[in-house]
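Novice: quick one, structure for this:
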Amino acid sequence: MTSRIAHLFLLAAVLPGLTLVPASVSMAFAQAQPLATATVELREIELTWPAEAVVEAVKQVTLAAQAPGRIVDMRVAAGDTVKQGQVVVRIDAREAAEIYAASQATLGNARAHFERTKNLYEQKFISKAALDKAESDYRAARANSGAAAASASHASIVSPLTGLVAQRHAEVGEMATPGRPLVTVYDPKGLRLISSIPQYKLAEVRASLRAKIEFPESGKWVDAEKVELLPAADPRTHTVEARVYLPANQAGALMGVVPGMFARAHFVTGKAKKLLVPSAAVLRRGEVTAVYVIDEKNAARLRQVRLSEPLAGGFHEVLAGLAAGEKVALDPVKAGIVARPAP
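Specialist: Residues are numbered from 1 along each chain as shown. Sure thing, here's the model as predicted:
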């Protein structure tokens, strides 16, 4: 130990910029700083019932091919931003284009024949049946031309909404068949949670139709903008689907939230007074949950407690270990340094 200290002082002599601060000095500095505290007290909170949920987009479409053909151009990739009406996929349309050109030629002949027949009928040279037949052929040719034009337009697949590309299901050179998914696009401005409410909780949830949303991996909480319950239950599970809409005006709080993520919906079922402690004051070491209690002499003492799961607003309900009116340190690490006896 002595050799290690001598080595450190040797480094300090060689390196003028290196300053050695004894542990007692740093501890004394920490002890000189006042500890931020909070009072454990009874507060009225909203009672909630938690349910696991999955994030989905309110507006999401999977674009598919309407006509067969080889994919010649994929203009987007996963994560790209697209605008409404933007072409995202092009399919080889040479056959459809030729069919459309042929239909246009047939339409032109049918129109000319109808005009000639109409003139002859007005001059009493042909019967009404001949005129009706020419008119029918003209209408059929016009309908065939419209169908051919629609088939030719299916070669260019456009996005029906402005948003992000969630997934690309095909690549250039592959064969597109009617109904095959090609690209999935969703609007990131509208997200909601899908959850299931059991039959015995349905009346409580329907009474308030309010919920708080928790993202466990980040610890973020937001208030739901709206809660909808579908009017029918699943006959197999006897649950009702609930749609919990995320607020669109909290882009910062919802940053990183994408469809498919896990979340938890806490449906409001009532109100009650609970003994609360701030989550910032909680210290976890393995299976031990504790807080530093500040006594009358302003000394920090570690005390083991039993708490509930995290609540909205950054609190835990105290189940055991604390009483109303006691003060706890909001920085347990700093309180541990202060409470450590000086060497």
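
Novice: isn't there a helix covering Leu120?
Specialist: Yes - residue state for Leu120 (DSSP: H, G, I helix; E, B strand; the rest coil) corresponds to a helix.

Novice: tell me the secondary structure at the residue lying closest to it once chain neighbours are set aside.
Specialist: Spatial nearest neighbour of Leu120, excluding adjacent residues (CB to CB, 6 or more residues apart in numbering): Ile126 at 4.7 Å. Using the backbone N, CA and C atoms, a C-beta is placed for each residue, glycine as well. Following three-state DSSP, the label given to Ile126 is coil.

Novice: relative to Asn119, how far out is Ile126?
Specialist: To Asn119, Ile126 is 10 Å away according to CB to CB, to the nearest Å.

Novice: between these two, which is the more surrounded one?
Specialist: Comparing Ile126 with Asn119 by neighbour count (other CB atoms under 10 Å), the higher total belongs to Ile126, at 17 against 11.

Novice: pLDDT at the more buried one, what is it?
Specialist: For Ile126, the pLDDT comes out at 81.

Novice: go on, the one 4 residues further on?
Specialist: Ala130 carries a pLDDT value of 82.

Novice: I'd guessed it sits against Tyr121; true?
Specialist: Yes - using CB atoms under 8 Å, Ala130 is in contact with Tyr121, at 7.1 Å.

Novice: okay, these two: which has more neighbours?
Specialist: Between Ala130 and Tyr121, counting by other CB under 10 Å, Tyr121 is the more crowded of the two (17 against 13).

Novice: residue contacts, the more buried one?
Specialist: Applying CB atoms under 8 Å, 6 or more residues apart in numbering to Tyr121 gives the contacts Ser127, Lys128, Ala130, Leu131.

Novice: just the strands in the stretch 1-150 of the chain please.
Specialist: In the stretch 1-150 of the chain, strands defined by DSSP state E, counting those that start in this stretch lie at 37-39, 41-57, 60-64, 69-74, 81-82, 87-91, listed in chain order.

Novice: just name the most buried of those.
Specialist: Highest mean neighbour count of the strands of the stretch 1-150 of the chain: strand 87-91, a mean of 19 (counted as mean count of other CB atoms under 10 Å).

Novice: now for that one, which elements pack on it?
Specialist: Secondary-structure packing of strand 87-91 (3 or more CB pairs under 8 Å, 6 or more residues apart in numbering; DSSP states H and E): strand 69-74, strand 156-158, strand 181-186.

Novice: in JSON lines, list the ones you listed along with distance to Tyr138 and mean pLDDT.
Specialist: Below are the helices and strands packed on strand 87-91 laid out as JSON lines (distance: least, CB to CB, whole Å; pLDDT from 0 to 100):
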{"stretch": "strand 69-74", "distance to Tyr138": "30", "mean pLDDT": "86"}
{"stretch": "strand 156-158", "distance to Tyr138": "29", "mean pLDDT": "86"}
{"stretch": "strand 181-186", "distance to Tyr138": "37", "mean pLDDT": "93"}
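
Novice: want to throw those strands into TSV with distance to Ala323?
Specialist: Supplementary listing: those in TSV, determined by distance: least, CB to CB, whole Å:
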stretch	distance to Ala323
strand 69-74	65
strand 156-158	66
strand 181-186	50
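
Novice: those strands: which one's closest to Leu319?
Specialist: Ranking the helices and strands packed on strand 87-91 by their distance to Leu319 (criterion: CB to CB) puts strand 181-186 first, at 41.5 Å.

Novice: name every strand pairing with that closest one and say which way it goes.
Specialist: Applying DSSP bridges, strand 181-186 is found paired with strand 60-64 (antiparallel), strand 163-168 (antiparallel).

Novice: which outside residues touch stretch 188-206?
Specialist: Residues outside stretch 188-206 that contact it (CB under 8 Å, 6+ apart) are 49, 51-59, 163-164, 213, 224, 227, 229, 233-234, 237-246, 248, 254, 257-259, 263, 265, 267, 269-270.

Novice: in TSV, list the strands of the stretch 1-150 of the chain along with distance to Ile337.
Specialist: Compiled in TSV, the strands of the stretch 1-150 of the chain are given as follows (distance: least, CB to CB, whole Å):
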stretch	distance to Ile337
strand 37-39	15
strand 41-57	26
strand 60-64	51
strand 69-74	58
strand 81-82	49
strand 87-91	58
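
Novice: where does pLDDT dip in the protein?
Specialist: Regions of the chain meeting the criterion pLDDT under 70 cover residues 1-33, 94-100, 103, 147-153, 250-253, 339-343.

Novice: mind listing the helices in it by residue range?
Specialist: In the chain, the helices defined using DSSP state H lie at 2-14, 23-32, 94-122, 128-153, 202-208, 332-339.

Novice: tell me, what residue is most central in the protein?
Specialist: Val258 (3.1 Å; CA atoms, centre = their mean).
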